[in-house]
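> structure for this input, please:
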Amino acid sequence: MSTTHNYSDASCHWSPGKVLNLTLFLVFALAGGLILVAPASGQSFESANTNMGSIQGIAVDSNNDPVPDARVALQGPDGNRLTVVTKDDGTFSFHDVTPGVSYKLAITAEGLADWNSSITVEPGENKTLADIQLRIVAARRAVTVTYSSKEVAAQQLKAEEHQRVLGFIPNIYVTYEPHPEPLTAGMKFHLAYKGLTHPTFFAFEGLWAGVEQASHITDYRQGARGYGERFGAALASGTSEAFVGNAVLPSLLHQDPRYFYEGTGTKGSRAWHAIAAPFVCKGDNGKWQPNYSQWGGSLISASLSNTYYPDSERGPGLVFKNFGTSMGLHVALGLAQEFLLGRFTSRGRH
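As a prediction, the model looks like this:
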């Protein structure tokens, strides 16, 4: 009789129950490990955070009022910068600040002076900054000073109007300013009006008529009637020359009708300056140029004299004679202004 033996190795045979038990064991073991490791990791992270510091503060102005919207910058030695803006109550804060590092804290706000400070925090320190006061800066106003040539010229003209020789004779057609401003057309007409309406103008023309009467210059009769005719002719010539030569043409040609007193240099240079004045004048642009205004005024006045001088003296000869006389008188007046009248002229102030 044969016998069959069936061998079974218990060590190599796993029943479903044993597999399930082993799986559960591994799951619980892993879970337990995670539970034990998690608190340790948390403690390590928490320990790292507690080493970092923080900075907080409040910015106020000189009146101790909070400064909102101020820019607060925290810069480390490596150049990295953190920036925040103050809240409505002026507060600000920086977190996770590396301890032991020297930071620069800067606060800027519109209308207030900048505030700067160096700061270092210890590990885990929450540093609160006190006494952050931003000084109020005085308002800076941009003032534009506008130079008005017209206003300066008006002041200079006002001073010239008060210039008097011996205290009563107007000397308004000379300027003692080293750099006078150009006159406007209205100012040139104003000067002409002042000169032509002053009593000394009539006195001078009356004196000149008397000189002609005594010297028998011009073919007028003698006596009171003849003197009156001479006086009328002198007034007409003086008025037309002053009005045209000192106002109309200078305004049209942009030339200055005044004598520019030199007062310095050699006598020769001053004399030449005075002699040349009727022939050379300053333009409103400040440059020297031919004195067309003086020439034109004298020529036009001389031409108009043909309408009221005696018939025997009318014609080109009268024109050139009166023109030459006028230019000669202006040369003499220039020399008198440069060397004589200035000494006796009371000069106005402006």
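
> thought E160 was touching L183?
No: using Cβ atoms under 8 Å, E160 makes no contact with L183, being 9.7 Å away. For the C-beta atoms, the positions are set from N, CA and C on the backbone; glycine is no exception.

> joint contacts of these two?
Residues touching both E160 and L183 (Cβ atoms under 8 Å, 6 or more residues apart in numbering) are L191, R258.

> what's the neighbour count on Q289?
Neighbour count of Q289, defined by other Cβ atoms under 10 Å: 15.

> and it, how far is that from Q222?
45 Å (Cβ to Cβ, to the nearest Å).

> in stretch 109-118, which residues are buried?
Neighbour-count burial for stretch 109-118 flags A109, L112, W115 (criterion: 16 or more other Cβ atoms under 10 Å).

> can you count the residues close to S240?
Residues lying near S240 (other Cβ under 10 Å) number 19.

> with D131 instead?
Neighbour tally, D131, other Cβ under 10 Å: 9.

> and it, what pLDDT?
For D131, the pLDDT comes out at 80.

> hmm, who's touching stretch 272-284?
182-183, 253-257, 259-260, 262, 265, 288-291, 293-295, 327, 330-331, 334-335, 337-339.

> please apply the same query to stretch 232-245.
In contact with stretch 232-245 (Cβ under 8 Å, 6+ apart) are residues 192, 195-196, 201-202, 204-206, 208-209, 212, 218, 220, 257, 293-294, 296-298, 300-302, 304-305, 308-309, 322, 326.

> drop anything exposed from those.
By neighbour count, with 16+ other Cβ under 10 Å, the contacts of stretch 232-245 hold 192, 195-196, 201, 205, 208-209, 212, 218, 220, 257, 293-294, 296-298, 300-302, 304-305, 309, 322, 326 as buried.

> one step back: I'd like to know which of the contacts of stretch 232-245 are part of strands.
Among the contacts of stretch 232-245, no member is found in strands (DSSP state E).

> if we can go back for a sec, quick one: which of the buried residues of stretch 109-118 sit in strands?
W115.

> format the buried residues of stretch 109-118 as a markdown table; extra columns: distance to S54 and pLDDT.
As requested, the buried residues of stretch 109-118 are exported to a markdown table (distance: Cβ to Cβ, whole Å; pLDDT from 0 to 100):
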| residue | distance to S54 | pLDDT |
| --- | --- | --- |
| A109 | 22 | 91 |
| L112 | 25 | 90 |
| W115 | 19 | 92 |
